[in-house]
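Q: Next input, structure requested:
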Amino acid sequence: MMLAIGLLSAMDAIAKWLTTNGLTVIQILALRSLVIVPLMLIVFSSRGSRATLVPRSPILHLYRGVIGFISPLTFFLGIRHIPLTDAVVVFFASTFIIALLSMLFLGERVGIYRWASIISGFLGVLVVVGPKGTGDWHGYALVFVGSATYALLFISGKYLSRTDSVASLVFSFNLCVGLISLILLPFYWSPMNLTHSMLLICLALLAVSGHYLITLAFSISEASLLAPFEYTAVLWALTFDLLIWQTTPALSTGLGATIIIASGLFMVHRERINLASRA
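A: The predicted structure is shown next:
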């Protein structure tokens, strides 16, 4: 989980750099998938396990793929307008959205303590996005949409992992994102140089590695045990902001991050207590 967060954070930093240096988000998503999908086919074919890439519920995978397209699209669009640290903190809203969706679609019980965590977590997001935020409010809104669709992506992956392999989830996600992006690509193409090309290849490798590891982590371990490690993304984002863009987070970002992380960790704590009481 920690390795996955590090890889995906580096991917986000590269995506932010590319989108602020001439490339469109559609172009990034399309070319990323053009690297990932053939690479997965080659690797699994060489192992004689290409069948593991075939989804058992193709229609559900298709719906998940459409959701999966919206999530990185809106997130990458959003990080063009706000600091990466702010984007990561706002994206943590997915933790609380996942809790709500788990109640609706997975039948999980949401008690008073979890409700308190959800409400305080969303208040933390409002603190970050408030009038003293360091970016454009459109950027915050786009990142929040990315967070909500990521929560849907997570819940659908948790449901499908009961019958489908981790590899099929990663493959179908990237295939759908690639197909949609390629259809739109002629309308959003920008000239590329060698630096763009090399960074796109690096981004694609980081994406497939990170997505595979995070999907694998959630498929073999309880979400409540893994959740705290997601917050290491703040440290990665802060480092990239300082080194690449020489930006420091606003006080409101630090306060909001504290509220969100504390709420998330409290939710995890209560989940562990509930699991122990059922044992």
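Q: can you pull out the helices in the protein?
A: Assigned by DSSP state H, the helices in the chain fall at 2-19, 25-46, 58-78, 84-91, 93-105, 112-129, 137-160, 166-184, 194-220, 223-230, 232-244, 251-278.
Q: so what does the first one touch, helix or strand wise?
A: Meaning helix 2-19. In terms of contacts (3 or more CB pairs under 8 Å, 6 or more residues apart in numbering; DSSP states H and E), helix 2-19 is packed against helix 25-46, helix 58-78, helix 84-91, helix 194-220, helix 223-230, helix 232-244. Heads up, the C-betas are built off the backbone N, CA and C, glycines and all.
Q: wait, which of those is closest to Val268?
A: helix 223-230 (5.0 Å; CB to CB).
Q: That closest one vs helix 84-91, what angle?
A: Per axes from the mean of the first three to the mean of the last three CA atoms, to 10 degrees, the angle that helix 223-230 makes with helix 84-91 is 160 degrees.
Q: Show me what helix 223-230 is in contact with.
A: Under the criterion CB atoms under 8 Å, 6 or more residues apart in numbering, residues 1-2, 5, 92, 95, 98, 158, 217-218, 264-265, 267-268, 271-272, 275 lie in contact with helix 223-230.
Q: one step back: tell me which of the helices of the chain is the most buried.
A: The highest average neighbour count among these, using mean count of other CB atoms under 10 Å, belongs to helix 84-91 at a mean of 28.
Q: before we move on, back to that, of all the helices and strands packed on helix 2-19, which lies closest to Ser117?
A: Smallest distance to Ser117 across these (CB to CB): 11.2 Å, for helix 223-230.
Q: distance between the ends of stretch 36-56?
A: One end of stretch 36-56 to the other measures 21 Å (CA to CA, to the nearest Å).
Q: Now do the contacts for the residue nearest to Ser172 when sequence neighbours are not counted.
A: Nearest non-adjacent residue to Ser172, counting by CB to CB, 6 or more residues apart in numbering: His61, 4.0 Å away. His61 makes contact with Pro55, Leu160, Asp164, Ser168, Leu169, Ser172, Phe173, Cys176, according to CB under 8 Å, 6+ apart.
Q: Recalculate using a threshold of 10 Å.
A: 54-55, 68, 156, 160, 164, 168-169, 171-173, 175-176 (CB atoms under 10 Å, 6 or more residues apart in numbering).
Q: Kindly report the same for Leu23.
A: Ala15, Trp17, Leu31, Phe76, Tyr188, Trp189, Ser190, Pro191, Met192, His196, Leu199, Leu200.
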